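Enquirer: Predicted model and sequence follow; I will ask about them next.
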Amino acid sequence: MKNRKMKSIEIVKDSLIYPFNIKSYLGLLILFSASFLIIPGILALGYLFRIIYYTTGDNDGHPEFTDWMNMFRDGLIFLGMALIFVMIFYGLLWILESFLIGDVDLNLASFTIAAIYTSLFNALFVMCLAHMADEKSFTAAFEFKKIFDRIKEVGWIKYLALILFMTIFGGLINFLIELISPALNLPGLGRIPIVIMITLLAYTYLFSFESRFTGLVYLTKP
């Protein structure tokens, strides 16, 4: 891993612009569109993994759609790591809500705990994913001492602020899709086809943005 001194605004601007590469975007869009066949979906994850790896190596371009076997392997690594974190996330969230909130109907308290917990968990997940991609090793995702040392190098305040931005931006994309979906309609087909299309277009952009963002956050130093 190399280091690059970047301001938070530079990370945000670079990540927002990064998905606007026709070859990379269309390739990823095609893989996501065919993800119901499973293998293309795994390849899409592998390409996102490759973007992170490419970025942590201080590369500004876009990785090629080559070496499909390695891309598939990287996709499986990404998927395996994500599934483990998702299971841990919901397991711990259930424990928090059960023991800290109990049977008392405190919606505000429940929401606050869930929001804080989700933000902190996202912060851990992003750095674990970046470290795993940088090391090209599944077990690197669980080298927590190195991962927390890296967050310390980036700076806790800067890092958490960046993660908060990424979380809010992802939430905004979700909100906009839900907002416009009821108004979309195709004569004779209903709104489902166009909603799926808009969702694929939006999420292809979002996932590419998040991958670049993850790599840059890991790469940066104060």
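Expert: Received the coordinates, thanks.

Enquirer: and A82, how many residues sit next to it?
Expert: Neighbourhood size, A82 [other C-beta atoms under 10 Å]: 14. (Each C-beta comes from the backbone N, C-alpha and C, glycine too.)

Enquirer: same question but for E64, I mixed them up
Expert: With other C-beta under 10 Å as criterion, E64 counts 13.

Enquirer: For F148, see how far away it is.
Expert: 33 Å (C-beta to C-beta, to the nearest Å).

Enquirer: Which helix or strand lies directly C-terminal to the lowest-mean-pLDDT helix or strand in the chain?
Expert: The weakest-scoring helix or strand in the chain, judged by mean pLDDT, DSSP states H and E, is strand 4-5 (a mean of 71). Downstream of strand 4-5, the first helix or strand assigned by DSSP states H and E is helix 8-17.

Enquirer: Now do the helix or strand following that following helix, average pLDDT.
Expert: Downstream of helix 8-17, the first helix or strand assigned by DSSP H and E is helix 22-33. Averaged over helix 22-33, pLDDT sits at 96.

Enquirer: For the next helix-or-strand element following helix 22-33, name the packing helices and strands.
Expert: Using DSSP H and E, the helix or strand that follows helix 22-33 in sequence is helix 39-56. With contacts taken as 3 or more C-beta pairs under 8 Å, 6 or more residues apart in numbering; DSSP states H and E, helix 39-56 sits against helix 22-33, helix 68-96, helix 107-135, helix 192-219.

Enquirer: Can you check which of those helices gets nearest to M6?
Expert: Judged by C-beta to C-beta, the one of the helices and strands packed on helix 39-56 that comes nearest to M6 is helix 192-219, at 6.6 Å.

Enquirer: So for the closest one, what gets flagged as buried?
Expert: The neighbour-count check on helix 192-219 (16 or more other C-beta atoms under 10 Å) flags 195, 198-200, 203-219 as buried.

Enquirer: Against S119, how distant is R50?
Expert: 27 Å.

Enquirer: Looking at these two, which one has more neighbours?
Expert: Under the criterion of other C-beta under 10 Å, the comparison of R50 against S119 puts R50 first, with 23 against 14.

Enquirer: now the more buried one: how far from K136?
Expert: In terms of C-beta to C-beta, R50 sits 10 Å off from K136.

Enquirer: Are there residues contacting both of those two? Which ones?
Expert: Common neighbours of R50 and K136, using C-beta atoms under 8 Å, 6 or more residues apart in numbering, are D74.

Enquirer: OK, contacts around the closest residue to P19 other than its chain neighbours?
Expert: In this structure, P19 finds its nearest non-sequential neighbour in S208, 3.9 Å apart by C-beta to C-beta, 6 or more residues apart in numbering. Neighbour list for S208: Y18, P19, S24, Y25, L28, L48, I51 [criterion: C-beta under 8 Å, 6+ apart].

Enquirer: One more: I39?
Expert: F72.

Enquirer: try 10 Å this time
Expert: Counting by C-beta atoms under 10 Å, 6 or more residues apart in numbering, I39 touches L31, W68, F72, G75.

Enquirer: measure the last one to L31 for me?
Expert: What that stands for is G75. Distance from G75 to L31, by C-beta to C-beta: 10 Å.

Enquirer: tell me, what's touching those two both at once?
Expert: Listed as contacting both G75 and L31 by C-beta under 10 Å, 6+ apart are I39, P40, G41, I42, L43, A44, L45, G46, Y47, L48.

Enquirer: of these, buried ones?
Expert: Among the shared contacts of G75 and L31, those buried by neighbour count (16+ other C-beta under 10 Å) are P40, G41, I42, L43, A44, L45, G46, Y47, L48.
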